[in-house]
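Asks: Provided below for reference: sequence and predicted model.
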Amino acid sequence: MRTVNLLFAIALACSLATAQTKISGSAACAGGGESHSIEVGDHPGHVYVVSKLNCTWTKPFEMAGLKSKDHEGATFREEDGDRVREDHFSGAGSMNNGDKYYVRALRTITAKTEKSGISQGTFIFSGGTGKLKGLKGKGTFKCTPEGDHGNCDIEGEYTLPSK
């Protein structure tokens, strides 16, 4: 009897699980010109900074048959001299039909990546509009500096609710 219950529970869990769909893409990202900083006050150079970020997909990713077009949002980071301690991002992107996806990201900072200018971290999808309503997912990103912008590559996976 326990074996039957266990098999039933496994079958139910498998039927409730949604398939993850993999995505990848590349974008050129630059600050949007708007930036505000506030001195913390404990020592010189320790500030909190909020900045606008804009990206254009140079190699769009695809979700639900749609292609990513552009992306914008805001970053919040703590800077201490030349060192960035934390960097959080929240924003929204547009697909080629006008539907939106919502994303949050956290940049990982190490001495090696800070010195090289490479930015990398993780992101989560937290919803969307139209065909992307109920969007969930996660992934990683890595940005390398080039001139006045960064080239960012993403890889991840997503799910949409069953219809």
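Replies: Here it is on my side, so go on.

Asks: Residue 53 touches residue 90, doesn't it?
Replies: No - using Cβ atoms under 8 Å, residue 53 is not in contact with residue 90; the gap is 10.0 Å. Yep, even glycine has a C-beta here, placed from its N, CA and C like the rest.

Asks: Between the two, which is the more surrounded one?
Replies: For residue 53 and residue 90, the more surrounded residue by other Cβ atoms under 10 Å is residue 53, and the numbers stand at 19 against 14.

Asks: Between residue 53 and residue 90, which contacts overlap?
Replies: By Cβ atoms under 8 Å, 6 or more residues apart in numbering, residue 53 and residue 90 have these common neighbours: 73, 74.

Asks: Could you pull up the mean pLDDT of the top strand by length along the chain?
Replies: In the chain, assigned by DSSP state E, the strand with the most residues is strand 21-39. Mean pLDDT, computed over strand 21-39, is 90.

Asks: Now do it: everything it contacts.
Replies: 46-63, 68, 71-72, 79, 137, 139, 143, 148-159.

Asks: residues touching residue 133, list them.
Replies: Residue 133 is in contact with 127, 160, 161, counting by Cβ under 8 Å, 6+ apart.

Asks: filter these to the buried ones?
Replies: When the contacts of residue 133 are checked for burial by 16 or more other Cβ atoms under 10 Å, the buried set is residue 160.

Asks: Next, format the contacts of residue 133 as TSV and append pLDDT, secondary structure and distance to residue 94.
Replies: As requested, those are arranged in TSV below (pLDDT from 0 to 100; DSSP: H, G, I helix; E, B strand; the rest coil; distance: Cβ to Cβ, whole Å):
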residue	pLDDT	secondary structure	distance to residue 94
127	97	strand	14
160	96	coil	17
161	93	coil	21
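
Asks: Quick one: neighbours of the closest residue to residue 123 other than its chain neighbours, just the number.
Replies: Computed as Cβ to Cβ, 6 or more residues apart in numbering, the closest residue to residue 123 that is not its neighbour in sequence is residue 105, at 4.0 Å. Residue 105 has 20 neighbours, counted by other Cβ under 10 Å.
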